[in-house]
Each structure stands twice: as C-alpha cells, then as structure tokens.
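In: have a look; sequence and predicted model below, questions after that.
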Amino acid sequence: QVQLAESGGGLAQAGGSLRLSCAASGSIFRIDHIGWSRQAPGKQRELVASITGGDTPNYAGSVKGRFTISSDNAKNTVYLLMESLKPEDTAVYYCYADIWAQGSRRRVAYEGKGTLVTVSS
C-alpha cells in the first residue's frame, strides 16, 4: 500500500527557516506529480509548490522566492525548504502525489496526514 509521510514541521521564528520532508513508501512504479499544500486555521487549502516530472517547479505567489521544492527520485522523497518565514505561513502542510503503484492500471492521488508549521512573530 502506498503511503506519504511528512516530517520536519515545528515552531520557527519569523525570518527563520524550516525544511519539510515527504517520503513516499510502498510498491511504487512511478510518481508523476508531487507537491505541497497547506491549510491555515479558518482558511481554504492553498497549493504551495509542486513538481511534475522534469518540469520547472510551480510555486504559489505567496511563497515564490522564499520556498524551494526539490526531490530525490531515488528515495521517492520530496522536500520543501521554507526560508524567510512569516507568521502567515503558519498552517498544516500536506504532501500530495499522483502515483502509479506497481501492477496498478490507474494513477491514484495520495495525501499525507500533514505536519504543523507554526511561525511566531
């Protein structure tokens, strides 16, 4: 069974940095698209950053220039380096991915359970 597990959340001060990790595990044939979204209290889910194959990463305008998404395909892991953090970056961050499992006939969307990032002013 394919699973996504985030790690690296926690408390940071404004201006500081954190790095989130998301490891995909299970019988994975291929990951087509992987990224991060976030949900702040009382707000809608926001797509933060994503990678599709070898394409240029995409970023939300609110994090562009401050966050960097990268991946280690050999480890089926994606990272989100968050720098120059602001209090408004406080949210639960979710990893998501479109994955073909071994032997599967269709691609399935998966999401992790989320990791809390709190940025203090």
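Out: Received it, and whenever you're ready, just let me know what you need.
In: center of the protein, which residue is that?
Out: residue 36 (2.8 Å; CA atoms, centre = their mean).
In: so that one sits against residue 21, correct?
Out: No. Contact criterion CB atoms under 8 Å: residue 36 and residue 21 do not qualify, at 10.7 Å. Glycine gets a C-beta too; all of them are placed from N, C-alpha and C.
In: all strands of the protein, in order?
Out: Remark: strands assigned in the chain by DSSP state E are 3-7, 10-13, 18-25, 28-39, 46-52, 58-59, 67-72, 77-82, 91-101, 107-111, 115-120.
In: follow-up on the earlier one: any idea of the pLDDT on the residue nearest to the centre of the chain?
Out: On the pLDDT scale, residue 36 is placed at 98.
In: same question for the one 4 residues further on.
Out: The per-residue pLDDT reported for residue 40 equals 96.
In: show the backbone phi and psi for it.
Out: Residue 40 adopts backbone torsions of phi -90, psi 160, taken as degrees, to the nearest 10.
In: wait, it sits on residue 87?
Out: No. Using CB under 8 Å as the test, residue 40 is too far from residue 87 to be in contact (10.1 Å).
In: same drill for the two, tell me which one is more crowded.
Out: More neighbours surround residue 40 than the other of residue 40 and residue 87, with 14 against 11 (other CB atoms under 10 Å).
In: quick check: nearest residue in space to that one, chain neighbours excluded?
Out: Nearest residue to residue 40 in three dimensions, chain neighbours excluded: residue 91, at 4.1 Å (CB to CB, 6 or more residues apart in numbering).
In: tally up the residues packed near that neighbour, please.
Out: Neighbourhood size, residue 91 [other CB under 10 Å]: 22.
In: for it, which residues are in contact?
Out: Going by CB atoms under 8 Å, 6 or more residues apart in numbering, residue 91 touches 38, 39, 40, 41, 43, 46, 116, 117.
In: tell me the one of those residues nearest residue 83?
Out: The closest of the contacts of residue 91 to residue 83 turns out to be residue 117 (CB to CB; 12.6 Å).
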